[in-house]
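[1] Here is a sequence together with a model predicted from it:
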Amino acid sequence: MEFQILGPVEARREGSRVALSGTKVHTVLATLLLARGRVVSDAKLSSLLWGWDPPTTMNAQIYTYVSRLRKLLGPDVELIRRPPGYVIETRGAHTDLVEFERLEYRGREALGGSRFAEASDLLRTALGMWKGSALANVTSHLADAELPRLEEIRTTAVEHAVEADLALGRHEQIVPELTALVSELPVRERLRALLMTALYRCGRQADALHVYQEGRNVLADELGVDPGAGLNATYHALLSGALDLAHGSATSAADPRSRATVAARRPTMLPADVPDFAGRERLLADVCARLSAPSDSQSGLRPSRLLLTGMAGAGKTTVAVRAAHATAAHYPDGQLYADLCFPNGTPKSPRKVIAQLLRALDEPALADCGDTTYDLDELVRLYRARTAGKRLLLLLDNATSDLQMEPLLPGTSEPVVLVTSRTRLATVPGSDTTVVPPMTPDDGVAMLAAVVEPTRIAAERDAARDIVAYCAGLPLALRIVGARLAARPHWPVARLAQRLDAPATRLHELRFGDLSVGQTLRSSLERLHSGVGHSLIRLADLDPAGFSAEDAAEALNVPDREAEELLESLVDAALLEMPGLDDSGWPRYRFHELVMLFAGSMVTTPSVSAAIPRPRSPWLTTPQRGSALVS
């Protein structure tokens, strides 16, 4: 089975086109393929099919479209209902977008290694997979959401291919192609710089100068800005004769990443590494391997987005920061970092975060003005232009939603984005998502030994294992316990174990300085709608080993569907676990032990649940069915 996205959406079986009919069916297929193994919710499908005005029968219509696809695609492809939506399993089918990205990545690797002929062949082969405008027969809602990203990676691939061709002395052959591209994308400065270089090497100096002056006028008239450093570097190299290099390096003066521009400060924004890191060695090794995957890896592609997810206090940030430091050498253009939440848990606006990142990248447009000078779209354009083609590592910590994340993602695949979040994000493929679980008993003891003192923990190893059990393997709780023991060197470890033994006061014991397990869990609850706190209290009385949506519906006295949606929202907020399915194939749910204690604590402090506010920020709000904000 073959799938085509880079052009009209099509499915082919043994070379023959499958007779898909209707824009809506093509949209459902394209959406599921673009999700790459992730579940696409009904609400997401609805927003991409009908926008903000879905029909009342949207769930039935989506079911009909999926059923039609199942029949047409046959047994080679599996379309699975997995609440809250659907997922497609292509079973090794060929998808043109995946193949394009594989070849484009290999082409960039060859270009970076000065293997220009190989780079040109790979990149031109990749570009040959485009059969016109991508997603040509889907709804405008899906096209508006996905086409800009696809066109960006296509244009970047063209730039790399032209760069390789220039290094091979093919300037005369590429002038017509570049002329058409500059006409189509007049504010794309890198294309204009490459055209100037090709024209100059063809002996057309006057034409090259005209291209620069024309670009300067277009940038001033349409955007109110002057040419950037890369285009100006090409202009000055043209005047000095430095562009007369028919077979020079691919990183020539025409390239904005050339020697004329690499003098910009290399950003190094990573937080300080944790010196007493312990107990997560296997997880750390896996993340580091993904961040530093060699070009000849089995897949041929280094993931451009990675997500570490898990409940509050699971140690996601600690692992991410350690991995980012360990692999920094693989990102010669620098490492960027942004915490997407304020200390009180309120999410930061994408505008503020992008302005912070642009200043770290020495963006001259923000040197003498505040971030309110530009609207969000202008900041995103500047940000994606500054990160395009750069080997950057971007660590986005505490992401709250896809809506918050989307403007922060670079427009090309060269920068790698490492994200931490308490919930899974649709912007990161499921295969590149790692769930950070609680620590095993041995890992928990190793962490205590690193924080306190190895000999002290070894002398009371049984008490240390009891502490790990009382903390249910949660790294935040273990760090708090370790800090308390380190601050009280005269305390036996068993003394603190005895204090943690009582469930009613355990959360009170799990706080030290600014760290508090209860407050951290409360911040997760505050991101949900009001009233969830009361439901959490009642659900905590169910079987600790696990319960079903039917059990929850009975406890809450609500319909099964409403109970399932509530449970899914708690799973998304990492306040509830889904360990597996029951004998009937339905999900089972259970609470982490400390979340159960937290729910119990709200019974004695009802103001906690009663005061849970409805979030003000749109990227924290859980939208209703049919909303385009659902991912």
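    Looks like it arrived, so ask away.

[2] Secondary structure class of Val138, three-state.
    With DSSP: H, G, I helix; E, B strand; the rest coil as the basis, Val138 sits in coil.

[3] measure it to Ile62 for me?
    The gap separating Val138 from Ile62 is 15 Å, by C-beta to C-beta, to the nearest Å. Any C-beta I mention is one placed from the backbone N, CA and C, and that applies to glycine too.

[4] domain ranges for this structure?
    Domain assignment for the chain, taken from automatic domain parsing, gives 1-156, 169-263, 281-435, 441-513, 519-610.

[5] for the shortest one, how far is the first residue from the last?
    Just to be clear, that refers to domain 441-513. Looking at domain 441-513, the gap from its leading to its trailing residue is 25 Å under the measure C-alpha to C-alpha, to the nearest Å.

[6] Averaged pLDDT, that domain. What do you get?
    Regarding domain 441-513, the rounded mean pLDDT is 91.

[7] now that domain: how far from the chain's centre is it?
    From the chain centre to the centre of domain 441-513 is a distance of 34 Å (C-alpha atoms, centre = their mean, to the nearest Å).

[8] can you pull out the strands in the stretch 401-550 of the chain?
    For the stretch 401-550 of the chain, the strands defined by DSSP state E, counting those that start in this stretch occupy 416-421, 433-435, 511-512, 515-516.

[9] mind listing what the longest one pairs with, with the direction of each?
    Right, strand 416-421. Neighbouring strands of strand 416-421 in its sheet, by DSSP bridges, are strand 305-309 (parallel), strand 393-399 (parallel).

[10] Can I get the strands of the stretch 401-550 of the chain in JSON lines including distance to Gly128 and mean neighbour count?
    Shown next, in JSON lines, are those (distance: least, C-beta to C-beta, whole Å; neighbours: other C-beta atoms under 10 Å):
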{"stretch": "strand 416-421", "distance to Gly128": "27", "mean neighbour count": "25"}
{"stretch": "strand 433-435", "distance to Gly128": "32", "mean neighbour count": "17"}
{"stretch": "strand 511-512", "distance to Gly128": "60", "mean neighbour count": "16"}
{"stretch": "strand 515-516", "distance to Gly128": "55", "mean neighbour count": "18"}
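
[11] Output these as CSV; include the columns distance to Ala502.
    What follows is these, written out as CSV (distance: least, C-beta to C-beta, whole Å):
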stretch, distance to Ala502
strand 416-421, 32
strand 433-435, 30
strand 511-512, 15
strand 515-516, 18
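
[12] Mind listing what's buried along the host helix or strand of Leu123?
    When secondary structure is defined by DSSP states H and E, Leu123 falls within helix 116-127. Within helix 116-127, the residues that qualify as buried by neighbour count (16 or more other C-beta atoms under 10 Å) are 116, 118-127.

[13] Leu69: which of those is nearest?
    Top of the list for closeness to Leu69, among the buried residues of helix 116-127 and by C-beta to C-beta, is Ala126 at 27.5 Å.

[14] my guess is that closest one meets Glu104, correct?
    Yes: in this structure, Ala126 sits in contact with Glu104. The criterion is C-beta atoms under 8 Å, and the distance is 4.6 Å.

[15] anything in contact with each of the two?
    Common contact partners of Ala126 and Glu104 (C-beta atoms under 8 Å, 6 or more residues apart in numbering): Ala157.

[16] Out of the strands of the stretch 401-550 of the chain, flag the one nearest Ser47.
    strand 416-421 (20.8 Å).

[17] Number of residues surrounding the spatially closest residue to Gly580 that is not a sequence neighbour?
    Excluding the flanking residues, the one nearest Gly580 by C-beta to C-beta, 6 or more residues apart in numbering is Arg588, at 5.8 Å. Close neighbours of Arg588, defined as other C-beta atoms under 10 Å, add up to 17.

[18] ditto for the one 3 residues further on
    By the other C-beta under 10 Å criterion, the neighbourhood of Phe591 contains 21 residues.

[19] residues in contact with it?
    Residues in contact with Phe591, defined by C-beta under 8 Å, 6+ apart, are 539-540, 544, 575-577, 599.
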